[in-house]
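> Provided below are the primary sequence and the corresponding predicted coordinates.
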Number of protein chains: 2
Amino acid sequence: MRAVILAIGSELVGPDRLDTNSLALTAELRALGVDLAWKACLPDDESAIAEALRRALADAELVLVCGGLGPTADDVTREGVAAALGRTLERDPAIEAALAERFARFGYRMPEINRKQAMVIEGAVVLPNRRGTAPGLRVDLGERTVFLFPGVPAELEGLVAANLLPWLRERTGGDEAIETRGLRVACVPESEVETRIEPAYREFDREDITVLASPADVRVRVCARGDAATRRARLEAMLERLGQLLGQAVYTFEDAETLEEVVGGLLKRQARSVATSESCTGGLVAERLTRVPGSSEYFRGGLVVYANAAKVSLAGVSPATLAERGAVSLEVAGELAEGALARFESDFGLGITGIAGPAGETPGKPVGTVCFALAARSGATERIQLRLPGDRARVREGSSQVALDMLRRSLLGFPLHWNSSK
Amino acid sequence: MRAVILAIGSELVGPDRLDTNSLALTAELRALGVDLAWKACLPDDESAIAEALRRALADAELVLVCGGLGPTADDVTREGVAAALGRTLERDPAIEAALAERFARFGYRMPEINRKQAMVIEGAVVLPNRRGTAPGLRVDLGERTVFLFPGVPAELEGLVAANLLPWLRERTGGDEAIETRGLRVACVPESEVETRIEPAYREFDREDITVLASPADVRVRVCARGDAATRRARLEAMLERLGQLLGQAVYTFEDAETLEEVVGGLLKRQARSVATSESCTGGLVAERLTRVPGSSEYFRGGLVVYANAAKVSLAGVSPATLAERGAVSLEVAGELAEGALARFESDFGLGITGIAGPAGETPGKPVGTVCFALAARSGATERIQLRLPGDRARVREGSSQVALDMLRRSLLGFPLHWNSSK
């Protein structure tokens, strides 16, 4: 079964409000094996609603129309749906009585405008709303079905739980759900991920594997249909295969887990600690590490040494290195990392120095040039220089990702970067 | 002129991701008098894209298609649009050369799959993308126009600014627009803002004033219609009145300006510098200050002193104060601020220590308790203790906002907090 969601409300086509209702609704639909064909936001406009409903019914068996059932003049969803279906609106005395009773319970007389909410599309089933004044409606059209729900999230949720889900379960048997899982990869370009997982596309259904990229972070999501055992087996098989293809670049097989959580977990299990010395990232690596509750167990502290004087006085970078190599150099990154380790008496020290832009470019060091170093209490300091794409925010975000991934790889005994050999 | 936005991506019809691109796009369209007829989210499916485009072109003169221009096999937006318009796709050697050059610049060889991004819809105008690999496209269809943009927010934004807006301005003349401006307020609760601006609701049109709240930051937006002179006069009058009502709490009359930019501007104009010493915010204040290009002029550096040992050895907090008052105390905040000032030889030092949660509560100091101090080279150290609402992320975000606003208020000679007297 396929569904379309129409979210009605002029505020939803303005610059300030998003339709968030559809997310929970989509999750409920998926859990019962219903795919969302598309979803749209429409203004409170009768003919726009009518036209969109006609299109939705051409594409899907189930159409969920949310919003525009209120008492005010701009609420015209009932009218739009009735027009599309060629049906009339009829006053329902039972709803009117229930509305009047509801107002009386709260000590009010029913305002005249609320009578509008007693209007029902000819032939529709009325779905009582315990959380508000607007009842839901269900219109059966043979092979197709339209549900009308209020847009207020609590009311929508109540009506979905009490009406849509039982109705759907009866039809789908509840056994044909769609389940999603995912893995995440740090610092490997999207196209490289894509190239590596190519074989999995052939071995499984291509549509069941989705690649989602954000700066220096790529998610690969897999989905499976069928009963619980079938789904689990298929998801496990896909994740295992993708894990083989992507190897050490995968930092988690939990779609919702962040890189700082993974690194934190590794430090905790290995009872090791880290400190940071940041220039171009300005504290972002420390800030990410401390987003994780309990990070005080393994994060000792950080230096943000933006000025060269501070690099020397606080992080212990030698003035000679600064003068000879420049602030953005592998040597300075190394001394930053070693300085952090020494000052905070931690097991690891991370040093980051680079040119985040827009200014600061020097010959041979364009914007995006960033040097990273990882010092360890035992063993040599390892260093990497990269050129990261994007604007200031993206270079900083990408740099924090590289630094955290270096630490993860080191904790696991891997080479420090996806295209470096140890 | 009316527009339709089509947001393409299978993740956008799933339960996890919202199409947020359309909000900024809608704001830009409105500013040029273009109304959004509707918007929809579609999966990466060629025939669904083609059908939606046909419907969009039936309803609007301008169609903006965002997403699905990437190099991977599931990116089929070009194909879908070409199918709807009955046009072919052609390889563009100039784009291919630019792509290869871009990869070479970052030290990679172009993966074979990226060649796909050099495919252009027959007759389309190519819009160069400086921030990524996928160029935008514009297809002129007489009275109607289709733009194709990548879905990556930074790339979309760049292409919109460089191509869509100039193109639109030429067509609309920029008259009869809906213009929006706004002011921002830090650290005052939304309900307090609402109460204070109550008189403005009566003096102007209530619908023209919108209050938008995020943690410790409230935006008040005003909008006006009509020709340029009318709009400007009305916007100025509304902002002036709101400014009177909100007073020193307003940190900017530019809707897009951030608190760190305002603080940076003040420091720069007064030729003064700042350094930070952070515990519970974990580097967030330093990170925010350094988001601003050119911040090296006034940001000396920061300490993230998460462990008590580091508070003593690096920030110079006295072990006696820690033992007697506890790490979360006005006294420790004061010594952190003074330590930052001394270590970095700056004009101001900010100290922040608190309980971000979820753990760490002590008797009399519940989660959300945060102590702030501002030390100045000349004058006494000022200190504030607050209880901030929300979870770990919100307490940290709110704390960074309070710290930056304290500095702003001090630079302007105001009391340090909206409900404190100096």
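Structure's in. What do you need? Numbering: from 1, shown residues only, chains lettered A, B, ... in the order given.
> Point out the other helices and strands that the lowest-mean-pLDDT helix or strand in chain A packs with.
The helix or strand of chain A with the poorest confidence is strand A:209-214; it has a mean of 83 (mean pLDDT, DSSP states H and E). On a contact count with 3 or more CB pairs under 8 Å, 6 or more residues apart in numbering or on different chains; DSSP states H and E, strand A:209-214 meets helix A:190-203, strand A:217-226. To be clear about C-beta, it is placed using only N, CA and C from the backbone, and glycine gets the same treatment.
> That strand pairs with which strands, and in what direction?
Each strand paired with strand A:209-214, and its direction, by DSSP bridges: strand A:217-226 (antiparallel).
> between the partner strand and helix A:190-203, how many degrees?
Orientation check (axes from the mean of the first three to the mean of the last three CA atoms, to 10 degrees): strand A:217-226 against helix A:190-203 gives 20 degrees.
> Give the buried residues for strand A:217-226.
Neighbour counts over strand A:217-226 (16 or more other CB atoms under 10 Å in any protein chain shown) mark A:217, A:218, A:219, A:220, A:221, A:222, A:223, A:224, A:225, A:226 as buried.
> With chain B as the reference, measure out to whatever residue is furthest in space from the centre of chain A.
Relative to the centre of chain A, the most outlying C-alpha is that of residue A:320, 46.0 Å out, by CA atoms, centre = their mean. The gap separating residue A:320 from chain B is 21 Å, by CB to the nearest CB, to the nearest Å.
> need the next SSE after the helix or strand encompassing that residue, C-terminal direction.
Residue A:320 is part of helix A:319-325, with elements assigned from DSSP states H and E. Note on helix A:319-325: by DSSP H and E, the next helix or strand toward the C-terminus is helix A:330-344.
> Which residues in that following helix does the neighbour count mark as buried?
Within helix A:330-344, the residues scored as buried using 16+ other CB under 10 Å are A:330-341, A:343-344.
> one step back: tell me the gap between the least confident helix or strand of chain A and the middle of its chain.
In this view, strand A:209-214 has its centroid 11 Å away from the chain centroid, taken as CA atoms, centre = their mean, to the nearest Å.
> how about it as CSV, C-alpha atoms only?
Output for strand A:209-214, consisting of C-alpha atoms alone and laid out as CSV, is shown next (Å, rounded to 0.1, in the frame of the first residue of the first chain):
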residue,chain,number,x,y,z
ILE,A,209,20.3,1.1,0.2
THR,A,210,20.5,4.9,0.6
VAL,A,211,23.5,7.1,0.9
LEU,A,212,23.2,10.4,2.9
ALA,A,213,26.1,12.7,3.0
SER,A,214,26.8,15.7,5.4
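> Tell me which stretches of the stretch 251-400 of chain A form helices.
Secondary structure of the stretch 251-400 of chain A, counting by DSSP state H, counting those that start in this stretch: helices at A:259-269, A:284-289, A:308-313, A:319-325, A:330-344, A:392-411.
> wait, does the third one make contact with chain B?
To tie it back to what came earlier, the one meant is helix A:308-313. Yes - part of helix A:308-313 sits near chain B under the criterion CB under 8 Å from any CB of the partner chain, namely A:309, A:310, A:313.
> Run through the neighbouring helices and strands of that helix.
The criterion is 3+ CB pairs under 8 Å, 6+ apart, and the helices and strands that helix A:308-313 contacts are helix A:319-325, strand B:299-304, helix B:330-344.
> Identify whichever of the ones you listed lies nearest to residue B:400.
If you check each of the helices and strands packed on helix A:308-313 against residue B:400 by CB to CB, strand B:299-304 wins as the nearest, at 11.7 Å.
> average model confidence for that closest one?
The predicted model gives strand B:299-304 an average pLDDT of 96.
> One more: stretch A:61-70?
For stretch A:61-70, mean pLDDT is 94.
> Could you export it as PDB, CA atoms only?
Below are the C-alpha coordinates for stretch A:61-70, written out as PDB (Å, rounded to 0.1, in the frame of the first residue of the first chain):
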ATOM      1  CA  GLU A  61      -4.500   4.100  -2.100                       C
ATOM      2  CA  LEU A  62      -4.300   6.000   1.200                       C
ATOM      3  CA  VAL A  63      -4.400   9.800   1.500                       C
ATOM      4  CA  LEU A  64      -3.900  11.500   4.900                       C
ATOM      5  CA  VAL A  65      -5.100  15.100   5.000                       C
ATOM      6  CA  CYS A  66      -3.900  17.000   8.100                       C
ATOM      7  CA  GLY A  67      -5.000  20.400   9.200                       C
ATOM      8  CA  GLY A  68      -7.600  23.000   8.300                       C
ATOM      9  CA  LEU A  69     -10.500  21.500  10.300                       C
ATOM     10  CA  GLY A  70     -10.700  24.300  12.800                       C
END
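> For residue A:274, which non-adjacent residue is spatially closest?
With CB to CB, 6 or more residues apart in numbering or on different chains as the criterion, residue A:274 has its nearest non-adjacent residue at 4.4 Å, and that residue is residue A:348.
> What residues are recorded as beta-bridge partners of the one you found?
Beta-bridge partners for residue A:348, by DSSP bridges, are residue A:274, residue A:376.
> count of residues packed around it?
Other residues near residue A:348 come to 24 when the count uses other CB atoms under 10 Å in any protein chain shown.
> now swap in residue A:1 and tell me
15.
> before we move on, what about the one 10 residues further on?
Each residue near residue A:11 was counted by other CB under 10 Å, and the total is 16.
> And the pLDDT at the residue positioned nearest the centre of chain A?
Here the mean C-alpha position of chain A is nearest to the C-alpha of residue A:256 (CA atoms, centre = their mean), at a distance of 8.2 Å. Confidence at residue A:256, expressed as pLDDT, is 83.
> Could you single out the nearest of the residues of helix A:308-313 next to chain B to residue A:250?
residue A:310 (37.0 Å).
> any idea how far that closest one is from residue B:289?
Here residue A:310 is placed at a distance of 14 Å from residue B:289 (CB to CB, to the nearest Å).
> check contacts around residue A:246.
Contacts were defined as CB atoms under 8 Å, 6 or more residues apart in numbering or on different chains; by that measure residue A:246 touches A:183, A:185, A:188, A:193, A:196, A:197, A:220.
> how close does residue A:69 sit to residue B:165?
Residue A:69 is 37 Å from residue B:165, where distance means CB to CB.
> Which one of the two is surrounded by more residues?
The neighbour comparison of residue A:69 against residue B:165 (other CB under 10 Å) goes to residue A:69, with 27 against 15.
> what does the model give the residue nearest to the more buried one when sequence neighbours are not counted for pLDDT?
What sits nearest to residue A:69 in space, not counting adjacent residues and going by CB to CB, 6+ apart, is residue A:134, at 3.9 Å. At residue A:134 the predicted local confidence, pLDDT, stands at 85.
> Residue A:134: neighbour count?
Burial measure for residue A:134: 27 neighbouring residues, criterion other CB under 10 Å.
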